[in-house]
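Novice: I'll drop the sequence and a predicted model, then ask my questions.
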Amino acid sequence: MAASCASRAVLRRTLSSFRWSGGHRYHYTTGQRVPVTSEAGDRWACWVTANRHDASSRGFQSEGRGGKPLLWAAVAFSLFGSSEEDKRDEAQKKEDEMVLLLKKAKLSMYRGQLQAASSFLHQAVALAHQTHNNQAIIYTYSQMANLAYVRGQLDSAEKLFKAAMSFMLAGGTPQDDNAVIEMSLKLATIYVEQNKVELAEHGYKFCTESLEAKLEKHKELQEEEKTEDQESLRKETRLLLGLCLDSRARYRASTQHLNLAGQDYQSALNICRQEQGETHPQSLVLMSDLATILDLQGRHDDALELVQQAVDLSRSVGHPDQHVLLGNMAGILLHTGRLDDSVRFYKEALGLAQQAGDQGSVERIQEGLKEVKKRRSQETKEETAQ
């Protein structure tokens with residue numbers, strides 16, 4: 001039985017729709033390869049790695065795990081005898097210029113001015129190299145990689161992510177650091193789109209096994225050894241594992257490995273429920289996605305029960321992408337033969353999608369309504385023939 005329009009949309013997605021890190025708005029709003037108003041499943045843009053290294057008016061300053069400030073700007077050595085104060089002023093000037101360029105790039109991405117954003121980032125990375133500012137180089141390369149991915153320039157994105165990772169590893173960042181794993185996950189999704197199956201599967205395996213090993217080490221700690229920072233890192237690591245499982249589930253679904261995809265979705269859903277709550281927007285989307293897999297396996301009643309739960313919860317919390325869940329439910333109702341109910345939910349989803357300006361969902365919902373009409377026509381012909 002053919003998948004519903006919403007079901008097919010799930011299989012077409014390339015990475016997680018939502019942030020898994022707590023304390024942030026759950027979906028990305030800038031820099032995506034498709035318009036901001038497209039289906040929630042396609043709203044994936046600037047990656048969480050970049051946010052971890054976010055530049056600010058503090059001038060690329062941050063605090064290390066021990067609470068000591070880290071100054072990222074390096075002072076270039078001059079052979080012409082300029083004073084130390086002059087050298088510091090020059091370094092500060094370049095640092096301030098980098099910050100301004102990065103802010104301009106971020107604003108340009110928000111406005112959809114991707115070419116301008118690219119220009120600002122290239123200027124910023126040149127300054128970062130001039131000052132031998134490795135942290136600024138890493139941050140800017142990751143932003144350039146995100147932008148290349150958004151623009152569909154997958155080869156460039158791959159090279160830029162690898163360059164950022166090389167600087168991180170050369171600077172002493174452990175291979176299993178969450179920032180490295182996040183970039184590895186992004187590379188895995190790029191390999192999926194490039195149809196480099198072996199590399200993609202190796203990337204997913206590295207990400208999940210590294211994160212699971214880190215979580216096992218945390219479990220081995222005595223209760224008195226578990227500090228607040230360690231607990232925060234544990235949660236971050238577990239949410240990142242959920243993101244990896246979510247991404248791998250979509251990859252496995254797209255290759256028709258439905259049992260494995262269902263297992264990954266269930267594991268990701270368990271993590272999200274435990275760490276962020278059952279009514280968290282990501283939990284609801286995962287419930288809907290898992291329902292899609294059940295539907296594709298022919299388990300329509302189980303799928304309907306799960307997606308109904310997701311829709312009910314989304315109504316209670318005011319899920320901003322409720323039309324996506326409603327469209328998925330309408331497709332599953334279509335497969336169970338409840339055509340009148342399917343039309344009702346499709347129409348409700350269509351109205352919400354139009355209000356949200358989500359043209360991609362509008363088109364997919366309209367495809368679903370056409371499928372219902374076709375199904376009714378077939379049933380009428382069968383009844384007439386009898």
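Specialist: On my side now, so go ahead. Numbers count the residues shown, from 1 in each chain.
Novice: Please, where are all the helices along the stretch 101-250 of the chain?
Specialist: With helices called from DSSP state H, counting those that start in this stretch, the stretch 101-250 of the chain shows them at 114-130, 134-150, 154-170, 178-193, 197-220, 228-254.
Novice: What lies in contact with the first one?
Specialist: Going back to what we said before, that points to helix 114-130. Identification of contacts with helix 114-130 by CB atoms under 8 Å, 6 or more residues apart in numbering yields 31, 76, 94, 97-98, 101-102, 104-106, 108-109, 133, 136-137, 140-141, 143-144, 147, 150-151. Yep, even glycine has a C-beta here, placed from its N, CA and C like the rest.
Novice: same check, this time on the shortest one
Specialist: Taking CB under 8 Å, 6+ apart as the criterion, the residues outside helix 178-193 that touch it are 14-15, 47-49, 52-53, 142, 145, 149, 154, 157-158, 161-162, 164-165, 168-169, 173-174, 197, 199-200, 203-204, 206-207, 210-211, 233, 236-237, 240, 243-244, 247, 251, 254.
Novice: Can you say which of the residues you listed are buried?
Specialist: With neighbours counted by 16 or more other CB atoms under 10 Å, these contain buried members at 14-15, 47-49, 53, 142, 145, 149, 157-158, 161, 164-165, 168, 199-200, 203-204, 206-207, 210-211, 236-237, 240, 243-244, 247, 251.
Novice: out of the helices of the stretch 101-250 of the chain, which comes closest to Arg376?
Specialist: Go through the helices of the stretch 101-250 of the chain one by one with CB to CB and the one that ends up closest to Arg376 is helix 228-254, at 28.6 Å.
Novice: What helices and strands are in contact with that closest one?
Specialist: Helix 228-254 sits against helix 5-12, helix 178-193, helix 197-220, helix 258-276, helix 281-296, with contacts defined as 3 or more CB pairs under 8 Å, 6 or more residues apart in numbering; DSSP states H and E.
Novice: Run a quick neighbour tally on Leu107.
Specialist: Look at Leu107: counted by other CB atoms under 10 Å, it has 14 neighbours.
Novice: again with the one 10 residues further on
Specialist: Burial of Ala117, expressed as a neighbour count using other CB under 10 Å, amounts to 27.
Novice: Name the nearest residue to it, ignoring sequence neighbours.
Specialist: Excluding the flanking residues, the one nearest Ala117 by CB to CB, 6 or more residues apart in numbering is Ser108, at 3.8 Å.
Novice: rewinding a little: between the helices of the stretch 101-250 of the chain, which one is nearest to Val285?
Specialist: For Val285, the closest of the helices of the stretch 101-250 of the chain is helix 228-254, at 8.9 Å, according to CB to CB.
Novice: before we move on, the earlier item: and the helices of the stretch 101-250 of the chain as JSON lines, adding distance to Thr279?
Specialist: Below are the helices of the stretch 101-250 of the chain laid out as JSON lines (distance: least, CB to CB, whole Å):
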{"stretch": "helix 114-130", "distance to Thr279": "35"}
{"stretch": "helix 134-150", "distance to Thr279": "29"}
{"stretch": "helix 154-170", "distance to Thr279": "34"}
{"stretch": "helix 178-193", "distance to Thr279": "26"}
{"stretch": "helix 197-220", "distance to Thr279": "25"}
{"stretch": "helix 228-254", "distance to Thr279": "16"}
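Novice: Single out the most deeply packed of those helices.
Specialist: Mean neighbour counts were compared across these using mean count of other CB atoms under 10 Å; the top stretch is helix 134-150, at a mean of 25.
Novice: Which other helices and strands does that helix contact?
Specialist: Here helix 134-150 touches helix 48-52, helix 84-110, helix 114-130, helix 154-170, helix 178-193, going by 3+ CB pairs under 8 Å, 6+ apart.
Novice: now the angle from that helix to helix 154-170?
Specialist: Per axes from the mean of the first three to the mean of the last three CA atoms, to 10 degrees, the angle that helix 134-150 makes with helix 154-170 is 160 degrees.
Novice: Just want the angle from helix 134-150 to helix 84-110.
Specialist: Comparing the axes of helix 134-150 and helix 84-110 via the same axes, to 10 degrees yields an angle of 20 degrees.
Novice: how much distance is there from helix 134-150 to the middle of the chain?
Specialist: Using CA atoms, centre = their mean, to the nearest Å, we find the averaged C-alpha position of helix 134-150 to lie 16 Å away from the chain's own average C-alpha position.
Novice: average pLDDT across it?
Specialist: Along helix 134-150, the predicted confidence averages to a pLDDT of 94.
Novice: Likewise for stretch 97-117?
Specialist: Stretch 97-117 carries an average pLDDT of 93.
Novice: What residues of it count as buried?
Specialist: Using 16+ other CB under 10 Å as the test for burial, stretch 97-117 gives 98-99, 101-102, 104-106, 108-109, 114, 117.
Novice: can you list those residues in CSV and add distance to Tyr191?
Specialist: Formatted as CSV, the entries for the buried residues of stretch 97-117 read as follows, by distance: CB to CB, whole Å:
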residue, distance to Tyr191
Met98, 31
Val99, 33
Leu101, 31
Leu102, 28
Lys104, 32
Ala105, 26
Lys106, 27
Ser108, 28
Met109, 24
Leu114, 23
Ala117, 25
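Novice: Cool, thanks, signing off.
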